[in-house]
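Q: Okay, predicted coordinates and the sequence, questions at the end:
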Amino acid sequence: MNTPLVRLNPPALWDSTGNHHSQGTLVDTGPLAIFSGQIAAQKGTDHVPASLREQTDIVCQNLKHCLDSIGALPSDIVSLRAHIVDWTPDKAAEVFEPLVAFLGDTMPAMTGIGVSALFSPELRIEIEMVARVPDRT
């Protein structure tokens, strides 16, 4: 059985927990899964919704599919890196509400990066993920 991930919030750093993430995550040795950036793409359709919130919902569903593929839960997420087109603070609710609903009480290390564009012009968000592969014994 895996030991719990330890969320790191060094006292000399600003308190990131209000933003639903930790400054770092301590991982006991074991396999990690590194997932490519997930976008608002769904199997069986080419439709990409225009809103950032709807795209974030789909990205979170895709992240869940990634976790399911290795038998993991959101509590096994080590870190997330979100790339958001034309990021401004007023877009925070569109991203954070669905993301926090997906993560629950989990507060992985997380970075948000404003970018000018992603792979296709209709895409507004892409999230990379590193997750611990649970011990199956």
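A: Done, it's in.

Q: List the beta-bridge partners for the residue nearest in space to the middle of the chain.
A: Centroid-nearest residue in the chain, with Cα atoms, centre = their mean: residue 80, separated by 4.1 Å. Residue 80 has these beta-bridge partners by DSSP bridges: residue 110, residue 129.

Q: roughly how far apart are it and residue 12?
A: 23 Å (Cβ to Cβ, to the nearest Å). Heads up, the C-betas are built off the backbone N, CA and C, glycines and all.

Q: Going along the chain, name the helices of this structure.
A: Taking DSSP state H as the test, the helices found in the chain are 52-69, 92-103.

Q: Between these, which has the poorest mean confidence score?
A: Between the helices of the chain, the lowest average pLDDT goes to helix 92-103, which shows a mean of 94.

Q: Can I get that helix in CSV, CA atoms only?
A: The C-alpha coordinates for helix 92-103 follow below in CSV (Å, rounded to 0.1, in the frame of the first residue of the first chain):
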residue,chain,number,x,y,z
ALA,A,92,-10.4,32.4,-12.3
ALA,A,93,-13.9,31.2,-11.4
GLU,A,94,-14.4,29.7,-14.9
VAL,A,95,-11.3,27.5,-14.2
PHE,A,96,-11.2,27.0,-10.5
GLU,A,97,-14.8,26.0,-9.8
PRO,A,98,-14.7,22.9,-12.1
LEU,A,99,-11.1,22.2,-11.1
VAL,A,100,-11.9,22.3,-7.4
ALA,A,101,-15.0,20.2,-7.9
PHE,A,102,-12.7,17.6,-9.6
LEU,A,103,-10.0,17.8,-7.0
